[in-house]
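**Q** Next one to model:
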Amino acid sequence: MDGSDSLCSDGEQAEDGSVPGPLILMVGYDARTTRIGDLPVIRVERLAEALSFLDQNEAAVIVIDLDLPDTNGISTLQRLLDRTGLTPVVVLVDDHDLALKALNIGASAYLPRNAAGPGVLGPLVESVMATTRNSADLHRREARLRVAVDGAGDGLWEWNFRTGDVYFSPRCSAILGFSEEEATDAPNRWLDRVHEDDLKFLHARLDAHIEGARGVFECEHRLVNGFGDPHWILARGRAVRDLEGRVTSIAGFLMDTTDRRRQEEQAIHRSLHDELTGLANRGLFIDRVERAMSIPDRDGGAFLSVLFVDLDHFKKVNDLYGHAAGDKVLREVGRRLESVLRPGDTVARLGGDEFGILLVNIIGAELSIHIAERVLQLVSQPIAVGRNEMVVNASIGIATSESGYEDAASIIDDADLAMYRAKSLGRSRYQICNPTMHHKAMSRINLETELRQAVDHHQFEMHYQPIVDLDSGQVAGVEAMVRWQHPEQGILTPSHFIEVAETSGLIVPLGWRVIEDACNQVGSWRRDIPEAENVFLSVNVSPKILMDNGMCDRLQATLAKADLPASAMILEFSEAVILDQGDRAQGRLEELRALGVRLAIDDFGLEHGSISQLDRKLFNMLKLDPTITKRVNGVSSGDRLPSSLIGIAAQLGIEVVAEGVETSEQLEALCGIGCRMAQGFWFATPAVPETVENTIVTPPRWWVNPRGVWKSWQQY
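**A** Model (predicted):
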């Protein structure tokens, strides 16, 4: 029998025997209808015809009578299912046992033959198709979820509250560290591996979700897996409840968050610790001090102490041996400082070569002093760097909470202040901050604030002190001296503010303003006043300006703008600056000499290196310190130091200016030993430009002795 002759349908067949679109195939049964729902019905008599038809067509549902001309019974259904796979099959059978067997091997539904009229069969077929569609959608969603979960590396779990079993996906088992031999699905497989410190938290979160207090169960906890390694796990899930609100199951996923946690912890550690030494950084140190200060005294008289440790002359280590060597020294110093700590104490690198130590639960100052002495001893031990051994020392400031500090910044600042006091007393020692020192510190802070405002609001004016040529009595040059027009205290000399200007860095903008204003003033005098045609300008320069990048270019531009020759500019530097800066200072001084600027050593004679500085052939002038000038008491003075210094300078072709001349006897004696220039109160006090201008034009008769006899230079 030809398959196409036995087909009954209102659907159109193609030439190859196929029917377009989905359809319902009825095998061995005539439903006396050509459509069920929107689908056409195709009917065949035999199983062979059905299988042949399915080779070219896809059925949405198959309805089959198990009693066919060419086969019957369960074997009929089995052969059909083997061919159709997931296509739903409705069997028509009167035998109840046979119907159950059909359902067990894969039939979707069954119907007795005498009940299979269109009014019953049609709704049943539509129901089967709807169930199949839902099942297919579910399979697709599960497949997509499986791909997503597998891609994310998460593990799935489902806890059945009715049976007590927990399903763990293979990935979930791997996260939990289950071995293949562990086949039980009891929840303890998971819970027994939770870190004991986190188990209570996990149960609390789980109970809160079960009771409805939390919409989602979520808990990140530590877990010791089957291999003994500690891991961090994020567990999430949601409960399924019955109509009465009882939890029947909870399903969710597990995510291994160990790597993320480790990265977060490393980031937090980096933000709170110094990268070079591994010690706490300034931020963490301040936080530790704040926390310690906020804890009430429970031990009766206990307080805390802050030690501010600064390495002496550490800059020379970097300059001489390089930053790699300096870094090794800092690491070793940090290690040594850690060795003096007690439980609860903190050591931090505050920046550069500065360290802080927090001591808690201190009774009396003795322990702070003992630890400070121990630190001084440990730090001063040689440090091996390559083939070299380096020795560094430290200065330490100590501040204790006994003084009643309100915040961490205040006690740290006072410890810093005490450290600077230790440096000023000779370094390699400690100092304890006291109320007097604190008062001075507060005054210093206020002064710095006022000084900063003064720089911003141009509260400074220039005074000049004449430098007199002792041969002619004329003004040879002027030294520029700045004065602060304080709104409350009046005119202040540099002795009141120059140290704060240096330490705060304000000396740089202030110093350049002095240089620029003085150059403009002297340039104007040289252009407008015939008597000032050869007057030179002398300015004392801070080491911060000397080593400032671009110093030479800026000075050259300033001289050009003021129309002042470089040879008319004398820059004064103290011996201490030159000795401290070493080769870097010499290089900058050579650059200045190349510009044509003249250089002078100020306060000459105070340092042991004075004579050696003259031999470096960098300087054009030396200015005798007033203490040297005072040693000249008269022409017959037996003190040979002043005359020796002047004689050496003359042999080297270096000009000499005697500073601090206050008496006619000093002037007479200086003239007698060959000094050619001088300045001091005997000639004139520093004054405003108008006064100095008059002095340049009409110089007084400078040299008169106490007996009132006027003398001229030619008489000596």
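
**Q** Tell me who's in contact with Ala650.
**A** Neighbouring residues of Ala650 by CB atoms under 8 Å, 6 or more residues apart in numbering: 656, 674. Where you see a C-beta, it was placed from the backbone N, CA and C, and this is true even at glycine.

**Q** for it, helix, strand, or coil?
**A** Put simply, Ala650 is helix when judged by DSSP: H, G, I helix; E, B strand; the rest coil.

**Q** Give me the below-cutoff pLDDT ranges for the stretch 351-500 of the chain.
**A** 437-438, 441 (pLDDT under 70).

**Q** where exactly do the strands run in it?
**A** Listed in chain order, the strands of the stretch 351-500 of the chain (DSSP state E, counting those that start in this stretch) span 354-362, 383-385, 388-390, 393-400, 430-432, 460-469, 475-486, 490-492.

**Q** can you put these in CSV and add distance to Phe53?
**A** Below are those laid out as CSV (distance: least, CB to CB, whole Å):
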stretch, distance to Phe53
strand 354-362, 89
strand 383-385, 92
strand 388-390, 96
strand 393-400, 98
strand 430-432, 103
strand 460-469, 109
strand 475-486, 110
strand 490-492, 113
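
**Q** Pick the most buried one from these.
**A** Of these, the one with the most neighbours on average (mean count of other CB atoms under 10 Å) is strand 393-400, at a mean of 24.

**Q** burial count for Asp165?
**A** By the criterion of other CB atoms under 10 Å, Asp165 has 14 neighbours.

**Q** any idea how far Cys219 is from it?
**A** Using CB to CB, to the nearest Å, one obtains 21 Å as the distance from Asp165 to Cys219.

**Q** what do you get for Asp97?
**A** Going from Asp97 to Cys219 by CB to CB gives 51 Å.

**Q** More neighbours: which of the two?
**A** Each of Asp97 and Cys219 has its neighbours counted (other CB under 10 Å); Cys219 has more, 19 against 8.

**Q** give me the element that one is part of.
**A** Per DSSP states H and E: Cys219 is located in strand 217-224.

**Q** Quick check: which helices or strands does whatever helix or strand comes next after that strand pack against?
**A** On the C-terminal side of strand 217-224, the closest following helix or strand by DSSP H and E is strand 230-241. Secondary-structure packing of strand 230-241 (3 or more CB pairs under 8 Å, 6 or more residues apart in numbering; DSSP states H and E): helix 196-210, strand 217-224, strand 247-256, helix 258-272.

**Q** of all these, which lies closest to Arg35?
**A** Set against Arg35 and scored by CB to CB, the helices and strands packed on strand 230-241 come closest in strand 247-256, at 41.6 Å.

**Q** which residues touch the closest residue to Gly278 other than its chain neighbours?
**A** Excluding the flanking residues, the one nearest Gly278 by CB to CB, 6 or more residues apart in numbering is Gly334, at 7.4 Å. Counting by CB under 8 Å, 6+ apart, Gly334 touches 274, 277-279, 347, 349, 355.

**Q** helix, strand or coil for Gly334?
**A** Look at Gly334: counting by three-state DSSP, its state is helix.

**Q** measure it to Met442 for me?
**A** 31 Å.

**Q** for the residue lying closest to Glu533 once chain neighbours are set aside, what are its contacts?
**A** Of all residues not flanking Glu533 in the chain, Arg526 sits nearest, at 5.9 Å (CB to CB, 6+ apart). The contact partners of Arg526, by CB under 8 Å, 6+ apart, come to 532-535, 564, 568.

**Q** hmm, try it at 10 Å
**A** By CB atoms under 10 Å, 6 or more residues apart in numbering, the residues touching Arg526 are 532-537, 562-565, 568.

**Q** repeat for Ala418
**A** The contact partners of Ala418, taken as CB under 10 Å, 6+ apart, are 306-308, 395-399, 430-434, 437-438, 441.

**Q** quick one: pLDDT of Asp327?
**A** Predicted confidence (pLDDT) for Asp327: 95.

**Q** Check for me that it belongs to a helix.
**A** Yes. Looking at Asp327 with three-state DSSP, it is inside a helix.

**Q** and the closest residue to it other than its chain neighbours, what is it in contact with?
**A** In space, and not counting its chain neighbours, Asp327 is closest to Leu276: 5.9 Å by CB to CB, 6+ apart. By CB under 10 Å, 6+ apart, the contact set of Leu276 is 326-328, 330-331, 334, 349.

**Q** Let me know whether my guess that Leu276 is in a strand holds.
**A** No. Per three-state DSSP, Leu276 lies outside any strand segment and is coil.

**Q** Can you tell me how far Tyr110 is from Gln263?
**A** Counting by CB to CB, the gap from Tyr110 to Gln263 is 60 Å.

**Q** meant to ask about Asp97, not that
**A** 64 Å.

**Q** got it, and Leu124?
**A** 59 Å.

**Q** sorry, back to before: ok, the contacts of Gly334 vs Pro296, which is closest?
**A** For the contacts of Gly334, the nearest to Pro296 is Val347 (24.7 Å; CB to CB).

**Q** Run a quick neighbour tally on that closest one.
**A** Here the number of neighbours of Val347 (other CB under 10 Å) works out to 24.

**Q** three-state assignment of it?
**A** On the basis of three-state DSSP, Val347 is classed as strand.

**Q** Same question for Val522.
**A** When classified by three-state DSSP, Val522 comes out as helix.

**Q** need the contact list for the residue lying closest to it once chain neighbours are set aside.
**A** Spatially, and ignoring its direct neighbours in sequence, Val522 is nearest to Leu537 (4.2 Å; CB to CB, 6+ apart). Shown in contact with Leu537 (CB under 10 Å, 6+ apart): 464, 467, 477-480, 515, 518-519, 521-523, 525-526, 559, 562, 564, 568-571.

**Q** For Leu537, list each beta-bridge partner.
**A** Residues in a beta bridge with Leu537, per DSSP bridges, are Val478, Met569.

**Q** That one and Ala399, how far apart?
**A** Taking CB to CB, one finds Leu537 at 45 Å from Ala399.

**Q** returning to what we had before: please list the members of the contacts of Arg526 that lie in helices.
**A** Ala562 (DSSP state H).

**Q** wait, isn't Ala687 in contact with Ile696?
**A** No. Contact criterion CB atoms under 10 Å: Ala687 and Ile696 do not qualify, at 11.3 Å.

**Q** Name the residues contacting each of these two.
**A** Listed as contacting both Ala687 and Ile696 by CB under 10 Å, 6+ apart are 464, 466, 478.

**Q** can you redo these as a markdown table with distance to Glu290?
**A** Listed next are the shared contacts of Ala687 and Ile696 as a markdown table, based on distance: CB to CB, whole Å:
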| residue | distance to Glu290 |
| --- | --- |
| Tyr464 | 51 |
| Pro466 | 57 |
| Val478 | 54 |
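
**Q** any idea which of these is closest to Ala669?
**A** Of all the shared contacts of Ala687 and Ile696, Ala669 sits closest to Pro466, with 20.1 Å by CB to CB.

**Q** Do I have it right that Leu546 meets Ile515?
**A** No. Using CB under 10 Å, Leu546 is not in contact with Ile515; the gap is 11.7 Å.

**Q** Identify the contacts common to those two.
**A** With CB under 10 Å, 6+ apart as the test, Leu546 and Ile515 both reach Leu571.

**Q** Compare the two (neighbour count), which wins?
**A** For the pair Leu546 and Ile515, the greater number of neighbours falls to Ile515 (22 against 19), based on other CB under 10 Å.

**Q** Not counting sequence-adjacent ones, nearest residue to the more buried one?
**A** Leaving aside its chain neighbours, Ile515 sits nearest to Val539 (5.7 Å; criterion: CB to CB, 6+ apart).
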